[in-house]
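Engineer: Predicted structure and sequence below. I'll ask about it afterward.
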Amino acid sequence: MLEDLVRKNRSYRRFYQDVPVPLETLRALVYLARLSASGSNLQPLKYVLSVDPEVNARIFPHTRWAGYLKDWPGPEEGERPAAYVVILGDTEIRKDVGCDHGIAAQSIMLGAAERDLGGCMIGSIDRNGLRQTLDIPEQYEILLILALGKPKETVVLEDVGPEGDTKYYRDAEGVHHVPKRSLEEMILKEYRG
Ligand SMILES: Cc1cc2nc3c(=O)[nH]c(=O)nc-3n(C[C@H](O)[C@H](O)[C@H](O)COP(=O)(O)O)c2cc1C
């Protein structure tokens, strides 16, 4: 059921770094993005894939993790992603890719969840540093990084409390909690007919 997959598809930020993700898996996930919707069907997205520990070690310093967890600087060595998908926008195809990369990212993350992988969309990126280390030409806008691997943490969903705080948090047992707003709060109007 799609709801089960969407529930399973949480943002994971700690991984079994030594469990490899085959490059073929990343290619199969990008294939899902290939099948997904694109504004005007221009398909401006391009991808850089890495399952190479040496390249991963160069990507990691340019990613920023869990801004709400103030005491946690991000995954330590040994718990870092085993794979990365960098989503780029080819400005020679389209200057502004709109929400194409969000759609592609969700297809990829759902495909990862289906394969018992997990990960995190990273929008907070040192883009200049990443461009330099991966030698990405200026023609390509750096849109999102998808960090992937075998998750090494438990993430649970809960309802936003009466105080309305949506900040995720980690409890004493290391479980990551993600408050979600109620459906009632989300739906502004309903026309039942
Ligand atoms: C566009 C986008 C950018 C994000 N950027 C980051 C990021 O830079 N670093 C990070 O740790 N998490 C990032 N996240 C993950 C969100 O924090 C996460 O989706 C949110 O806390 C809800 O958790 P959930 O994905 O498990 O529902 C991003 C998510 C999205 C959709």
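Structural biologist: Now that the structure is in, tell me what you want to look at. The structure presented is a predicted model; accordingly, all values stated were derived computationally and were not measured.

Engineer: which SSE is the residue nearest the centre of the chain in?
Structural biologist: Against the mean C-alpha coordinate of the chain, by Cα atoms, centre = their mean, the closest residue is Met121 at 1.8 Å. Assigned by DSSP states H and E, Met121 belongs to strand 118-122.

Engineer: ok so, going back, contacts only, for the residue nearest to the centre of the chain.
Structural biologist: 11, 105, 109, 144-146 (Cβ atoms under 8 Å, 6 or more residues apart in numbering). Every C-beta, even on glycine, is put in place using the N, C-alpha and C of the backbone.

Engineer: For beta bridges, what are the partners of it?
Structural biologist: Here Met121 sits in beta bridges with Leu146, as judged by DSSP bridges.

Engineer: residue contacts, the nearest residue to Cys99 once chain neighbours are set aside?
Structural biologist: Spatially, and ignoring its direct neighbours in sequence, Cys99 is nearest to Gly39 (7.5 Å; Cβ to Cβ, 6 or more residues apart in numbering). Residues near Gly39 by Cβ under 8 Å, 6+ apart: 94, 97-100.

Engineer: now, among the residues you listed, which is nearest to the ligand?
Structural biologist: Each of these was checked against the ligand using Cβ to the nearest ligand atom; the closest is Cys99, at 9.9 Å.

Engineer: would you put the C-alpha positions of the strand holding Met121 in PDB?
Structural biologist: What follows is strand 118-122, C-alpha atoms only, in PDB (Å, rounded to 0.1, in the frame of the first residue of the first chain):
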ATOM      1  CA  GLY A 118      16.700   5.300   3.700                       C
ATOM      2  CA  GLY A 119      18.100   8.700   3.600                       C
ATOM      3  CA  CYS A 120      17.700  12.400   3.700                       C
ATOM      4  CA  MET A 121      17.000  15.200   1.200                       C
ATOM      5  CA  ILE A 122      19.700  17.800   1.900                       C
END
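
Engineer: any residue of it up close to the ligand?
Structural biologist: Yes - contact between strand 118-122 and the ligand, assessed by Cβ under 6 Å from any ligand atom, occurs at 120-122.

Engineer: tell me which parts of the protein are close to the ligand?
Structural biologist: Going by Cβ under 6 Å from any ligand atom, the residues of the chain near the ligand are 10-11, 13, 64-66, 120-124, 155, 168, 178.

Engineer: Tell me the secondary structure at Ala33.
Structural biologist: helix (DSSP: H, G, I helix; E, B strand; the rest coil).

Engineer: Okay, helices next: where are they in the protein?
Structural biologist: 2-8, 23-34, 53-59, 100-114, 127-134, 183-186 (DSSP state H).

Engineer: most tightly surrounded among those helices?
Structural biologist: For the helices of the chain, the largest average neighbour count (mean count of other Cβ atoms under 10 Å) is found in helix 100-114, namely a mean of 21.
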